[in-house]
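Peer 1: Fold the following, please.
(one chain, ligands or ions: 1)
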Amino acid sequence: MQNFHIINEGRAKVKVALGKISKQLPVFYNPVMALNRTISVLLLNTLSNIKMQLADPLAASGVRSIRFLKELSKNKITSIHINDYSKGAVSSIKENFKLNKIKSAKVQVYSKDANIFLLESFGFDYIDLDPFGTPNLFLDSSIKRLARNGILAVTATDTASLSGTFPSACLRKYWALPQRNETMHENGLRILIRKIQLIASQYEKALTPVYSYSTEHYMRVFLRCEKGKKKVDKLLKQYGMFNDAGPLWLGQLWDKAIAQKIADSAKKLPYINEQDKKFLNIIAQESKIPVVGFYNLPKICKKNRLTIIKQDEMINRIKHAGYGISLTHFAPNSIRSDIPLNELITIIQN
Ligand SMILES: C[S@@+](CC[C@H](N)C(=O)[O-])C[C@H]1O[C@@H](n2cnc3c(N)ncnc32)[C@H](O)[C@@H]1O
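Peer 2: Model (predicted):
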């Protein structure tokens, strides 16, 4: 006999099964992913897109869609299509809709394989792929059904492959070599982005990241879809190796205006904690420094036999030398900066 309880997440209420978070739960709900869903809400509210047709192909309890319905600005949603192949999940979605007193003609619930659900649709302005493990299985159908100017949101939880624990799995699944080092999470995210873009390029769709991050056990990226051969060709020129990892995406991880708006609107949310606000703020800062990778200070100091200096002092010195500088959300004790390594070493020495 399974026990359930009702929890609050954002403005939604969800009935969830008690027990260890695993695929074995009758209906999957992971509280750690609340931030993933909060960022999706913030991003959609930040974009200028309105009257969107939304798809939640792997919906589980439906919490994500319920939050969209309760938290997105009024003019955002024309319709929302919620799917999960598990019959248990579909019952739970319906129950959670009742619990949240949502009766809306905008909502449709399906119980199909996600690829069939997507391919049988007429297309969407926002598709949120939040699978167990790799999103690969659902990329082709999502991209086929992604509208011009639409947003594809992708979560990957197979971070062990993407960040270098299993290089051969990464080669097989993502057609690139990862590296197990201090920038492994950024590299992994860039490898994932390239894979998504390559699938899209077949359909002459250019998918550019507007917001991305890596935290906890997952990586996440939101990409905007433009159509046209020239746009695709331009994207395909932005691949290369980075410190022996790759080929990977060397272009932008963020639209800096979007990153700043997300951090600013998070400050006004009553339910978001200080740690998460800080996380979003660091992303907003690093989005302003368009370089690939970052410097891990303890590693640089150790390698060059330098005494580490206080972070604030270092930031001041780098700014004073005329370079951009920010912390990075990818790793502790690390900075994102356009300062060349030799100058950074000189700055630490003096
Ligand atoms: C990680 S959970 C989704 C969590 C949910 N998006 C959230 O924010 O809480 C993945 C869900 O995908 C469903 N699923 C897995 N493979 C599927 C497929 N091929 N077609 C449809 N649903 C699938 C599972 O039943 C599970 O509920």
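Peer 1: Low-confidence stretches in this structure?
Peer 2: 1-2 (pLDDT under 70).
Peer 1: can you give me the helices for it?
Peer 2: Assigned by DSSP state H, the helices in the chain fall at 34-46, 63-71, 87-99, 114-119, 136-144, 159-162, 167-174, 184-201, 229-236, 256-267, 274-286, 297-303, 311-320, 341-349.
Peer 1: which residues sit in contact with residue 283?
Peer 2: Counting by Cβ atoms under 8 Å, 6 or more residues apart in numbering, residue 283 touches 211, 213, 254, 259, 262, 263, 329. Yep, even glycine has a C-beta here, placed from its N, CA and C like the rest.
Peer 1: The same query, at a cut-off of 10 Å, please.
Peer 2: Counting by Cβ atoms under 10 Å, 6 or more residues apart in numbering, residue 283 touches 39, 211-213, 215, 253-254, 256, 259-260, 262-263, 326-330.
Peer 1: Also residue 296?
Peer 2: Residues in contact with residue 296, defined by Cβ under 10 Å, 6+ apart, are 181, 182, 183, 302, 303, 328, 330, 331, 332, 333, 334, 335.
Peer 1: Of those, just say which sits nearest to the ligand.
Peer 2: residue 330 (22.9 Å; Cβ to the nearest ligand atom).
Peer 1: Next, count neighbours for that closest one.
Peer 2: Residue 330: 25 surrounding residues under other Cβ atoms under 10 Å.
Peer 1: now residue 329
Peer 2: Residue 329: 23 neighbours (other Cβ under 10 Å).
Peer 1: possible to save the helices of the chain as CSV with distance to the ligand?
Peer 2: Listed next are the helices of the chain as CSV, based on distance: least, Cβ to the nearest ligand atom, whole Å:
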stretch, distance to the ligand
helix 34-46, 6
helix 63-71, 4
helix 87-99, 5
helix 114-119, 4
helix 136-144, 7
helix 159-162, 14
helix 167-174, 16
helix 184-201, 16
helix 229-236, 27
helix 256-267, 18
helix 274-286, 16
helix 297-303, 34
helix 311-320, 35
helix 341-349, 40
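Peer 1: ok so, going back, for the contacts of residue 296, which entry has the maximal number of neighbours?
Peer 2: residue 330 (25 neighbours).
Peer 1: backbone phi and psi for that residue, please?
Peer 2: With angles defined as degrees, to the nearest 10, residue 330 sits at phi -70, psi -30.
Peer 1: can you pull the contacts of it?
Peer 2: Residue 330 touches 182-189, 213-215, 253, 282-283, 286, 293-294, 296, 336, counting by Cβ under 10 Å, 6+ apart.
Peer 1: try 6 Å this time
Peer 2: 185, 186 (Cβ atoms under 6 Å, 6 or more residues apart in numbering).
Peer 1: That one and residue 295: what is the separation?
Peer 2: Applying Cβ to Cβ, to the nearest Å, the value for residue 330 to residue 295 is 11 Å.
Peer 1: For the closest residue to residue 335 other than its chain neighbours, the count of nearby residues, please.
Peer 2: Among residues not flanking residue 335 along the chain, residue 295 sits closest, at 5.3 Å (Cβ to Cβ, 6 or more residues apart in numbering). By the measure other Cβ under 10 Å, the count of residues near residue 295 is 23.
Peer 1: For the residue most central in space within the chain, give me its contacts.
Peer 2: The residue lying closest to the centre of the chain (Cα atoms, centre = their mean) is residue 220, at 2.0 Å. If you count contacts by Cβ under 6 Å, 6+ apart, residue 220 has them with 155, 213.
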